[in-house]
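> here are the coordinates; sequence isn't available:
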């Protein structure tokens, strides 16, 4: 081994391109891409397909950049939690400094490029989203309050609003409702995960609701948020982006989401432990279906109205 | 006769990284090119140099002159 090799460590640990991609949390990015795309396409203003594609790409890149900043700051707790221990920074593939540099540069590129490709309102909301996720959520709320994901969830709720702003250059009741759907969906989604991943958060000292107030309170909170989400999601059907397709989907998905939350609320802790949190895992998986289903229905509605020239009702 | 070129170990080890960066940069160039093309061809009534509407190109009522 040469001196240089000894200095930079083993070659097997050297980061490959995929490790840098992993830094951007590609799975989260897929959700960002989808919801932002829905925001662009349901808007009543035509956007050139190439501009729309580029705008969605840079919204996703901005989301990825905030993911890199999150991995930079959270490298210590990521190493403790089983779920996150294989991320590039705790795995020793990418250094903290690299994660920070990549996060900052990609944030800058994403915001500037979105401003140039679409408009500066959309770019401004994207910049705020990155700030909100990296600073307000990651650096402040996450380690301080059990309400961390409630407020921090706003960061994940902005993409459809940015997509809408790409097309319209502004904010309206429709984009606020799309924001509200993801905002109210985030707590039940993550708390369902926390119900069966409690040990991870507890070990890392992250004050998730399950850690600070226990599973019983968390189950109540899941139900309350699911119940509050339903009227907001259904209300979107009666705006310019809604119609019968979305209404049918929203009624079905929300009924199932609230009923699932009701079942979790009434579930006995011993029973949950006995079947290794089967119902909680199922609810967590369904929460993903719920979100993709709701936004997919909005998209289908837009295709029905704008693509086929049919009436919303 | 030239000696056979031996591929340096570094090149093989960093191949995926270099390829990824290269493709990313190529995509970025394509995006800038595409955006420029779309913006220019769909400029509408905008002037090239300051992106404001040219008064002399704004459609007017019939019979009215600028």
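Sure thing, it's come through. Keep in mind it's a predicted model, so treat the numbers as computed, not measured.

> tally of neighbours for the closest residue to residue A:152 other than its chain neighbours?
Excluding its sequence neighbours, the residue lying closest to residue A:152 (Cβ to Cβ, 6 or more residues apart in numbering or on different chains) is residue A:137, at 3.3 Å. In short, each C-beta sits where N, CA and C put it, glycine included. Neighbourhood size, residue A:137 [other Cβ atoms under 10 Å in any protein chain shown]: 21.

> what residues does chain B have near chain A?
Chain B has residues B:13, B:14, B:16, B:17, B:19, B:20, B:21, B:31, B:34, B:35, B:38, B:42 near chain A, with proximity defined as Cβ under 8 Å from any Cβ of the partner chain.

> which one of these is nearest to chain A?
Using Cβ to the nearest Cβ, residue B:20 comes nearest to chain A of those, at 3.0 Å.

> would you list the phi and psi of the closest one?
Backbone geometry at residue B:20, expressed as degrees, to the nearest 10, gives phi -60, psi -50.

> who's in contact with it?
Counting by Cβ atoms under 8 Å, 6 or more residues apart in numbering or on different chains, residue B:20 makes contact with A:17, A:18, A:20, A:21.

> mind running it again at 6 Å?
residue A:17 (Cβ atoms under 6 Å, 6 or more residues apart in numbering or on different chains).

> what score does it have for pLDDT?
What the model reports as pLDDT for residue B:20 is 92.

> how near is the residue lying closest to residue A:142 once chain neighbours are set aside to chain B?
Distance criterion Cβ to Cβ, 6+ apart; nearest residue to residue A:142, sequence neighbours excluded, is residue A:148 at 4.8 Å. Separation of residue A:148 from chain B (Cβ to the nearest Cβ, to the nearest Å): 33 Å.

> want to throw the residues of chain B next to chain A into a markdown table with secondary structure?
Formatted as a markdown table, the residues of chain B next to chain A follow (DSSP: H, G, I helix; E, B strand; the rest coil):
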| residue | secondary structure |
| --- | --- |
| B:13 | helix |
| B:14 | coil |
| B:16 | helix |
| B:17 | helix |
| B:19 | helix |
| B:20 | helix |
| B:21 | helix |
| B:31 | helix |
| B:34 | helix |
| B:35 | helix |
| B:38 | helix |
| B:42 | coil |
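
> what is the nearest of those to residue A:308?
Residue A:308 lies nearest to residue B:42 out of the residues of chain B next to chain A, by Cβ to Cβ, at 24.9 Å.

> could you measure from the closest one over to residue A:67?
33 Å (Cβ to Cβ, to the nearest Å).

> and residue A:186, by the same measure?
16 Å.

> out of the two, which sits in the busier spot?
For residue A:186 versus residue A:67, the count of surrounding residues by other Cβ under 10 Å is larger for residue A:67: 27 against 23.

> so what's the more buried one up against?
Counting by Cβ under 6 Å, 6+ apart, residue A:67 touches A:24, A:25.

> next: residue A:96.
A:72, A:75.

> now with 10 Å, please.
By Cβ atoms under 10 Å, 6 or more residues apart in numbering or on different chains, the contact set of residue A:96 is A:71, A:72, A:73, A:75, A:76, A:89.

> could I get those as JSON lines with neighbour count and distance to residue A:115?
Output for the contacts of residue A:96, formatted as JSON lines (neighbours: other Cβ atoms under 10 Å in any protein chain shown; distance: Cβ to Cβ, whole Å):
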{"residue": "A:71", "neighbour count": "26", "distance to residue A:115": "26"}
{"residue": "A:72", "neighbour count": "23", "distance to residue A:115": "24"}
{"residue": "A:73", "neighbour count": "21", "distance to residue A:115": "26"}
{"residue": "A:75", "neighbour count": "18", "distance to residue A:115": "31"}
{"residue": "A:76", "neighbour count": "12", "distance to residue A:115": "34"}
{"residue": "A:89", "neighbour count": "25", "distance to residue A:115": "29"}
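
> since that was my last question, I'll sign off now.
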